[in-house]
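Student: below: sequence and its predicted model.
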Amino acid sequence: MKGMTLIVKTVTRLTVGLIMLYGLYITFHGHLTPGGGFAGGVILSLSFIHLILAFGKEFVIKKFSETITSVGESLAAVIFLSIAVSGFLAGYFFKNFYGQGVPFKLFSAGIILPCNLAIFLKVGLGLFSAFLCLVLFVSTNSKE
Amino acid sequence: MIPLFTVIPLGTAFIVALIGRFVKWLSDIFATLANLVLVVLSFFLLVKLQSTPNNVITYKVGGWIPPFGILLVVDYLSVMMLLTVNIVALCSTVFSISYMERYTDKWKYYSLFMLMLAGMNGVIITGDIFNMYVFLEIAAIASYALVSFGCESEELEASFKYLVLGSVASSLILLSIALVYSYISSLNFADIAKVLENLPKERTYIIKFVIMLMIVGFGLKAALVPFHSWLPDAHPSAPAPISAMLSGVLIKTLGIYALVRLLFNVFGIQQNMLKILVLLGILSMIVGVILALYQWDYKRLLAYHSISQVGYIILGIGLGTPLGILGGIFHLINHSLFKSLLFLTSGATEYTLSTRDLRLMGGLKQKMPYTTFCALVGSMSISGIPPFNGFWSKFIIILACIQINNIFAAIIAAVVSLLTLSSFTKVMKYGFYTEPQNNTAQIQIKEVPVYMVISMLILSVLCIIAGILVLPQIRTLFLDKVVFVLQKGTEYGNIVFSNL
């Protein structure tokens, strides 16, 4: 059986969801509290790395192959850029054109929340695919 | 429309990364089209600039008022750099269509290429010092990856060396930006210039330290001589179109343009700073050309000549007189054209012969007439043979040296030009005009594919006709205005704010 012991696996199974949730929390509150897309994305990628460490790389790569992470990362970048470009509709590149809402409410501050979400995906999947590359590199080397 | 200069390459990079792996042929078309649009936009901007007051166009990103928001500023210096960068990038992209077939994962290459281009365009159009740092890092990190694109051990080593020294440069630049921000509380170029003008002289001592950090940081990026050791490894290791981009425009955008913009327009140039620039320029010229003389590796030889020619540019600008700046700026344009042309010809010879050693080449004149012609044009331009563009810019720099009675620099410039000529005589003789060295290998040689020929021919024609930029009638339209931007110095701040 690949991966670490049953204890680690059980604990991981319980905590990974919470770690991801915490990443999402940090991202969604990016415009209200310290943190944001980058910090949230790092936490997201850490949860994936946590899975690799506990269950072994085959388990994770079956679900998140290199192609999926890389495509998702590019998609997030395109989304971020299109949010920025859609500001042109309101007159300026990167214009915060969307309704600003009430300050200190969760859904406020216009395009900052969508931007944070795009950064969350980009950073999370980007860091994870960098980690995957390191993992895969070792495996191709040891087969030779 | 100014943000389009970063939006288009960034968008292309991400879209190519997204769908390039599934639809292989799309990446070629996307990258070429994007570059074509950028060249057209640069020309459009040049035309538009003539009709605007003060010849400055500004753009408030997100509608925020400067100095709080990021301001994009385009003046004649920026437009000149935009034109140079995008024309060279277009030729490199067209060259890559055939050349990069040898590598796997072409779409990754295009994605990185467009990221690098986005970074360079961003450095040129921005009017904000931290924004400039961000774009500088985008371009630099993309170039680290591109240098190691072949994944051979030699390339990885060169890339690592480049990465380490590039990071040192970046951290010095970041430190200087932090100092400026803590001292002036502003990151906007124009605002810094205005604040510094009103400060009493004795309170600007920290700016001297900042300028020293910047000269070292940007000097590392521009590969001036005490800081040049990464360049001769990094530039030959990259694929040829990337070498053309790195040597042709990257060191100039990240190094020279950024340094000159900050020194002249933001902090205000002083006589002792100019002396340092002249000294660095002379050192780079001599050391670069002497190290190039005994090289047999075609691309390595070209890389050393890049150091030497960057020395000319810095010498010209460092003289500080209008004529000197004109020579430096003009040599910057010319060097971009002929050095990228020469790197592309080296890519063409490597494509057919699979070697970069000049001693193993030879006899290419009959087999590859177009490549030989282009290499000849490039060699004559870089050596300063009269009708070609390199002659005019070197001539102006030497005249400018004599004008301020710096006979020593003038003699050095002339001698280095002579040594460059001797070095390129070697290239032409061994590489193209002697009898074939190895007859069995020479039989299958034929001219490179048509896209590579087209891009080399475009650059050759530009090399031949770029000399007309110094004709008095044309000079007043373009080059004189570029020089004027630098001559105005810290007046830049007021001009930008009056044009909001």
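Tutor: That came in fine, so what should we check first?
Student: tell me where the stretch 201-350 of chain B has helices.
Tutor: For the stretch 201-350 of chain B, the helices defined by DSSP state H, counting those that start in this stretch cover B:205-222, B:231-237, B:240-245, B:258-260, B:271-293, B:298-319, B:322-353.
Student: residues of chain A that sit close to chain B?
Tutor: A:67, A:70-71, A:73-75, A:77-78, A:81, A:84-85, A:87, A:90-96 (CB under 8 Å from any CB of the partner chain). All C-beta spots, glycine's among them, are computed from the backbone N, C-alpha and C.
Student: for the closest residue to B:Gly248 other than its chain neighbours, give me its contacts.
Tutor: Among residues not flanking B:Gly248 along the chain, B:Ser340 sits closest, at 3.4 Å (CB to CB, 6 or more residues apart in numbering or on different chains). B:Ser340 sits next to B:Val88, B:Cys91, B:Ser92, B:Ala244, B:Met245, B:Ser247, B:Gly248, B:Val249, B:Leu459 when contact means CB atoms under 8 Å, 6 or more residues apart in numbering or on different chains.
Student: for B:Ala89, see how far away the fifth one is.
Tutor: As defined by CB to CB, to the nearest Å, B:Met245 lies at a distance of 6 Å from B:Ala89.
Student: these two - which one has more neighbours?
Tutor: Set side by side, B:Met245 and B:Ala89 show more neighbours around B:Met245, with 32 against 28, by other CB atoms under 10 Å in any protein chain shown.
Student: any low-confidence regions in chain A?
Tutor: A:1, A:138-144 (pLDDT under 70).
Student: okay, and the residue most central in space within it sits in which element?
Tutor: Centroid-nearest residue in chain A, with CA atoms, centre = their mean: A:Gly124, separated by 2.7 Å. Following DSSP states H and E, one finds A:Gly124 within helix A:112-143.
Student: re the thing from before, residues contacting the residue nearest to the centre of chain A?
Tutor: Applying CB under 8 Å, 6+ apart, the residues near A:Gly124 are A:Gly23, A:Gly40, A:Gly41, A:Val42, A:Ile43, A:Leu44, A:Ser45, A:Phe48.
Student: what are the contacting residues of stretch B:236-243?
Tutor: Applying CB under 8 Å, 6+ apart, the set of residues contacting stretch B:236-243 is B:92-93, B:95-96, B:99-100, B:103, B:109, B:113, B:143, B:146-150, B:154-155, B:158-159, B:235, B:246, B:297, B:299-300, B:302-303, B:343-344, B:346-348, B:350-351, B:356.
Student: actually stretch A:27-46, not the one I wrote
Tutor: A:19-20, A:22-26, A:104, A:106, A:108-109, A:112-113, A:115-128, A:131.
Student: tell me the gap between that stretch and the middle of its chain.
Tutor: Distance of stretch A:27-46 from the chain centroid (CA atoms, centre = their mean, to the nearest Å) equals 9 Å.
Student: cool, stretch B:318-330 as well?
Tutor: For stretch B:318-330, the distance to the chain centre is 17 Å (CA atoms, centre = their mean).
Student: show me the contacts for the residue of the stretch 251-400 of chain B found nearest chain A.
Tutor: Nearest to chain A in the stretch 251-400 of chain B, going by CB to the nearest CB, is B:Thr253, at a distance of 21.1 Å. Residues in contact with B:Thr253 (CB under 8 Å, 6+ apart) are B:Met81, B:Val85, B:Met120, B:Val123, B:Ile124, B:Ala139.
Student: closest to B:Val278 out of those?
Tutor: Set against B:Val278, the nearest of the contacts of B:Thr253 by CB to CB is B:Met81 (22.2 Å).
Student: tell me the pLDDT at that closest one?
Tutor: For B:Met81, the model assigns a pLDDT of 93.
Student: element containing it, please.
Tutor: Element membership for B:Met81 (DSSP H and E) is helix B:76-99.
Student: and the angle from that helix to helix B:322-353?
Tutor: 10 degrees (axes from the mean of the first three to the mean of the last three CA atoms, to 10 degrees).
Student: please name every helix or strand in contact with helix B:76-99.
Tutor: Packing contacts for helix B:76-99, counted by 3 or more CB pairs under 8 Å, 6 or more residues apart in numbering or on different chains; DSSP states H and E, involve helix B:26-51, helix B:106-125, helix B:240-245, helix B:322-353, helix B:450-465, helix B:479-487.
Student: what about 10 Å?
Tutor: Where contact means 3 or more CB pairs under 10 Å, 6 or more residues apart in numbering or on different chains; DSSP states H and E, helix B:76-99 is packed against helix B:4-19, helix B:26-51, strand B:71-74, helix B:106-125, helix B:240-245, helix B:322-353, helix B:450-465, helix B:479-487.
Student: and the ones you listed, which is most packed in?
Tutor: helix B:240-245 (a mean of 29; mean count of other CB atoms under 10 Å in any protein chain shown).
Student: that helix: how far from the chain's middle?
Tutor: With CA atoms, centre = their mean as the basis, helix B:240-245 stands 11 Å off its chain's centre.
Student: ok, for B:Gly119, nearest residue in space, not its chain neighbours?
Tutor: Nearest one to B:Gly119, counting by CB to CB, 6+ apart, is B:Ala139 at 2.8 Å.
Student: pLDDT of the helix or strand hosting the one you found, averaged?
Tutor: Per DSSP H and E: B:Ala139 is located in helix B:129-147. Helix B:129-147 carries an average pLDDT of 93.
Student: do stretch B:487-500 as well
Tutor: 87.
Student: before we move on, what about stretch B:290-299?
Tutor: Average pLDDT, stretch B:290-299: 90.
Student: how about that stretch, which residues are buried there?
Tutor: B:Leu291, B:Ala292, B:Gln295, B:Asp297, B:Tyr298, B:Lys299 (16 or more other CB atoms under 10 Å in any protein chain shown).
Student: and which of those residues is nearest to B:Leu399?
Tutor: Taking CB to CB as the measure, B:Leu399 lies nearest B:Ala292 of those, at 24.8 Å.
Student: about what we covered before: inside helices: which ones of the contacts of A:Gly124?
Tutor: A:Gly23, A:Gly40, A:Gly41, A:Val42, A:Ile43, A:Leu44, A:Ser45, A:Phe48 (DSSP state H).
Student: widest-spaced pair of those residues?
Tutor: For the ones in helices among the contacts of A:Gly124, the maximum inter-member distance is 13.3 Å, found between A:Gly40 and A:Phe48 (CB to CB).
Student: anything in contact with each of these two?
Tutor: The contact sets of A:Gly40 and A:Phe48 overlap at A:Met20, A:Gly124 (CB atoms under 10 Å, 6 or more residues apart in numbering or on different chains).
Student: and these two? Which one has more around it.
Tutor: Legend: neighbour count by other CB under 10 Å for A:Gly40 and A:Phe48, higher for A:Gly40 (27 against 23).
Student: grab the nearest non-local neighbour of that one.
Tutor: Counting by CB to CB, 6+ apart, the residue nearest A:Gly40 is A:Thr27, at 3.3 Å.
Student: host element of the one you found?
Tutor: Using DSSP H and E, A:Thr27 falls in helix A:6-28.
Student: got the CA coordinates for that helix in PDB?
Tutor: C-alpha atoms of helix A:6-28 as PDB (Å, rounded to 0.1, in the frame of the first residue of the first chain):
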ATOM      1  CA  LEU A   6      -3.400   4.600   8.300                       C
ATOM      2  CA  ILE A   7      -3.200   7.200  11.100                       C
ATOM      3  CA  VAL A   8      -1.800   9.800   8.800                       C
ATOM      4  CA  LYS A   9      -4.300   8.900   6.100                       C
ATOM      5  CA  THR A  10      -7.200   9.200   8.400                       C
ATOM      6  CA  VAL A  11      -6.100  12.500   9.800                       C
ATOM      7  CA  THR A  12      -5.400  13.800   6.300                       C
ATOM      8  CA  ARG A  13      -8.900  12.700   5.100                       C
ATOM      9  CA  LEU A  14     -10.400  14.700   7.900                       C
ATOM     10  CA  THR A  15      -8.200  17.800   7.600                       C
ATOM     11  CA  VAL A  16      -7.800  18.300   3.900                       C
ATOM     12  CA  GLY A  17     -11.300  19.600   3.400                       C
ATOM     13  CA  LEU A  18     -10.800  22.100   6.200                       C
ATOM     14  CA  ILE A  19      -7.500  23.300   4.800                       C
ATOM     15  CA  MET A  20      -9.200  23.900   1.400                       C
ATOM     16  CA  LEU A  21     -12.100  25.700   3.200                       C
ATOM     17  CA  TYR A  22      -9.700  27.900   5.000                       C
ATOM     18  CA  GLY A  23      -8.000  28.800   1.700                       C
ATOM     19  CA  LEU A  24     -11.300  29.700   0.300                       C
ATOM     20  CA  TYR A  25     -12.200  31.800   3.400                       C
ATOM     21  CA  ILE A  26      -8.900  33.700   3.100                       C
ATOM     22  CA  THR A  27      -9.600  34.400  -0.500                       C
ATOM     23  CA  PHE A  28     -13.300  35.400  -0.100                       C
END
